[in-house]
Every structure is written in structure tokens, then in C-alpha cells.
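**Q** based on what follows, work out the 3D shape:
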Amino acid sequence: MANVRDRIRMTDEEVDAFLRERHTMSVATIGPNGYPHVVAMWYGFLDGKPAFETYRKSQKIRNLERDPRMTCLVEDGDRYDQLRGVELMARGTVVDDKDALRTIALSLFERYDTGFGPDQGEQYIDFMVAKRVAVRVDVEDTVSWDHRKIAG
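**A** Modelled structure (predicted):
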């Protein structure tokens, strides 16, 4: 008989579908003092992998340049029996490429309410690529849970 941990684990297909929903991702990098530096980020996809954009001089970029290890958490649910989440243990690859940034910016524009109208996509993308770099989340291990599988 499978234990609860095995019963609530998402399949690879369920993880992919969950990540493609519109969520905020908590991104944890290792700060200069050894403590986690955690920020909430909207994310898109680059080369099929989760990715986000951020300012070139941001703390998370400085952290990743020193140590590329990162953990990302995407979660959902307001009640215990509805909790779902995916933890991604990864290496953050900094990508300083305008085409990559445009790909992520377009993904963000399509996935989130950016405050820009439907006819302002190019304006939003131009805004997003200025002074920024991309971070591709190169996943090494995944932990997932879907408490709806044991609900009831």
C-alpha cells in the first residue's frame, strides 16, 4: 500500500500542467550572508523551462553569479485539502540575450494581467527587456504534492 507521500505526488504531466497555470513563483537564492534570499516572481517559459526576467543588478542575479543553486516554489490552495505545489531544485542560468528576454516578456504578457492593454504588447515587451536579463530555471529535482488526491 502506498504511503500518503506517494499518493499525493503529481505525475510529470500534472507538474507540467500545474506550472503552465498562472501562479506566482517564490524564488530562493543564496544571499552573501548564507541566508536564503526569497522573492516572488511572475514567470514564463524559455526553451520549455520556467524562466523569469529581472534587473541585471538585482540581488538575485548577484547571488546566482556567486552560486547558481536556487529553489523555486509554486503553490496553490486556500484549504489543506486543496493544497497543491511544486518545488524545483535547480540551477539558475543567467541569459543576457534580447531574444530570450522578448520570449519571456511575451509569455508574461500572455499569462498575467500586466496592466497593459491587448494592443500594447510591444510596448510592454520593450519595457520588460530594458536593463534586464533572463534567468532560466534548469531543474535538477522536483518535489510535488496535490492534496486533492486524498480529499474526502
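**Q** CA atoms for contacts and neighbours, from now on please.
**A** Fine.
**Q** for the protein, longest strand please?
**A** Longest strand in the chain, counting residues (DSSP state E): strand 132-146.
**Q** which strands or helices does it pack on?
**A** Counting contacts by 3 or more C-alpha pairs under 8 Å, 6 or more residues apart in numbering; DSSP states H and E, strand 132-146 packs against helix 4-8, strand 49-55, strand 84-95, helix 98-111.
**Q** looking at those, which is nearest to E140?
**A** If you check each of those against E140 by C-alpha to C-alpha, strand 84-95 wins as the nearest, at 5.1 Å.
**Q** can I get the helices and strands packed on strand 132-146 in TSV including mean neighbour count and distance to A40?
**A** Formatted as TSV, those follow (neighbours: other C-alpha atoms under 10 Å; distance: least, C-alpha to C-alpha, whole Å):
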stretch	mean neighbour count	distance to A40
helix 4-8	13	25
strand 49-55	21	11
strand 84-95	20	14
helix 98-111	20	14
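**Q** switch those over to TSV; also include distance to V27.
**A** Output for the helices and strands packed on strand 132-146, formatted as TSV (distance: least, C-alpha to C-alpha, whole Å):
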stretch	distance to V27
helix 4-8	23
strand 49-55	10
strand 84-95	9
helix 98-111	16
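**Q** could I get these as a markdown table with mean pLDDT?
**A** Listed next are the helices and strands packed on strand 132-146 as a markdown table, based on pLDDT from 0 to 100:
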| stretch | mean pLDDT |
| --- | --- |
| helix 4-8 | 86 |
| strand 49-55 | 95 |
| strand 84-95 | 97 |
| helix 98-111 | 85 |
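**Q** is F52 in a bridge, and if so with what?
**A** V135 (DSSP bridges).
**Q** surely it and I104 touch.
**A** Yes: using C-alpha atoms under 8 Å, F52 is in contact with I104, at 6.6 Å.
**Q** quick one, what contacts T71?
**A** Contacts for T71 were tallied using C-alpha atoms under 8 Å, 6 or more residues apart in numbering; they are V27, A28, T29, E87, L88, M89, A90.
**Q** nearest residue to it other than its sequence neighbours?
**A** Nearest in space to T71, with sequence neighbours left out and distances taken as C-alpha to C-alpha, 6 or more residues apart in numbering, is M89 at 4.6 Å.
**Q** pLDDT-wise, which helix or strand of the protein ranks last?
**A** None of the helices or strands of the chain scores lower by mean pLDDT, DSSP states H and E than helix 121-129, at a mean of 75.
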